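Participant: Coordinates only, no sequence provided:
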């Protein structure tokens, strides 16, 4: 009986989530129920103080800084310039706007790092244009949702920062590790578009390939946008700034590019930029402190250690553990938000991965790709519902085209597990 009671906060958190309570409040409710009712050894005032202090870590400052930088870039004209370059590069091919959609999300990954922001932006810009040119709206919605999941994998994705903080892995190494998987996801999704476009004979949106002078002019115009991710990695590697300081540097750079180079950033944009940044930051920070408080309860009851011992006894080797862990992540990803699940499962799984001597950078990238795969799957895939609501597409219509992109993501995840050098190549090259 006592063994069952220690899991009551977990059960309570899941019940609250299924009742529609926001994830962060459900986790907080489970933790406060434990410290307020089941185990009163720690005074509630200490629990609240811990809750507040966990959100005051200087390491977490990177999150609001890069969120603000991403919001500035959405208003700075950078996305428009990148869209024009992508269109001139791939718009003439069959399924051209599908390729453009994926490439734009990949390039946007180095700018804003938010899947939700990228999906919302492209639902407004690209989905109506794709539908006008004869693409089914359900396909346009599916490719927009799927391609936006590349965004948090490419630096400076906030999930990379969170995983690094929780596991003690260098955030700089996590960032550099994200580039190759991000590019592989881009190519895998483009293959899906190729298969769909040739099956249904979807035409390109341009009559002919852009000339070299046109392509060169578009590239030169977007050179400032391409310079941002290069500048981030160079600054981190040279020691010019830390990950947290890099956020402030990118904010200044985004303001300069939007206001001086592209001249799209206006004083009228300040209010919506700050409103969006504040809203996104508040949501993420509440999830973080709630998950950390929930993790405190897990640690007090030694649930991660018991789970690790059980999995190690059951699995026997790292490959069986990886299969079990990824099945668990994939199934839970169908029901919970990816960011929240990252904060719940990382403290449970990374010690076991370390015990099996699995590279924590590799495990982190596998985990992230799997987590975000769940954002496309019923019954509660977050990005599935966000994009379907924005474009008025039903879930069955969405799934008809989304399954191909899910298979592409799982294939990249499997590739990283079998060939970990795909992930570690760049961090080893840059950091030694």
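Facilitator: Structure's in. What do you need? Remember, it's a predicted structure, so these values are computed and weren't measured experimentally.

Participant: what mean pLDDT would you report for stretch 256-269?
Facilitator: What stretch 256-269 shows for mean pLDDT is 84.

Participant: Kindly apply the preceding question to stretch 303-317 instead.
Facilitator: 68.

Participant: Same check on stretch 191-208?
Facilitator: On average, stretch 191-208 scores 80.

Participant: mind listing what's buried in stretch 349-362?
Facilitator: 349-350, 352-353, 356, 358-362 (16 or more other CB atoms under 10 Å). Any C-beta I mention is one placed from the backbone N, CA and C, and that applies to glycine too.

Participant: for the stretch 251-400 of the chain, which spans come out with low pLDDT?
Facilitator: 284, 304-305, 307-309, 311-316, 335-337, 339-340, 379-380 (pLDDT under 70).

Participant: and residue 407, how many neighbours?
Facilitator: Per other CB atoms under 10 Å, the neighbour tally for residue 407 reads 13.

Participant: and if you look at residue 276?
Facilitator: Residue neighbour count, defined by other CB under 10 Å, stands at 19 for residue 276.

Participant: So it, which state does it fall into?
Facilitator: Following DSSP: H, G, I helix; E, B strand; the rest coil, we place residue 276 in the helix state.

Participant: same deal with residue 347?
Facilitator: Residue 347 - assigned by three-state DSSP - is helix.

Participant: With adjacent residues omitted, what lies nearest to it?
Facilitator: Ranked by CB to CB, 6 or more residues apart in numbering and with sequence neighbours excluded, the top spatial neighbour of residue 347 is residue 295, at 4.9 Å.

Participant: what about that neighbour, helix or strand, and which?
Facilitator: Element membership for residue 295 (DSSP states H and E) is helix 270-300.

Participant: for that helix, which positions count as buried?
Facilitator: Quick answer for helix 270-300 (16+ other CB under 10 Å): 273, 276-277, 280-281, 283-298, 300.

Participant: From the contact counts, what lies against that helix?
Facilitator: Using 3 or more CB pairs under 8 Å, 6 or more residues apart in numbering; DSSP states H and E as the contact test, the elements touching helix 270-300 are helix 8-18, helix 23-33, helix 44-54, helix 62-75, helix 338-355.

Participant: Nearest residue to residue 124 in space, ignoring adjacent ones along the chain?
Facilitator: residue 390 (7.7 Å).

Participant: Give the full set of residues in contact with the one you found.
Facilitator: Shown in contact with residue 390 (CB atoms under 8 Å, 6 or more residues apart in numbering): 119-120, 123-124, 127, 141.

Participant: Just name the most buried of the helices and strands packed on helix 270-300.
Facilitator: Per residue and on average, the most neighbours among the helices and strands packed on helix 270-300 fall to helix 62-75, with a mean of 24 (mean count of other CB atoms under 10 Å).
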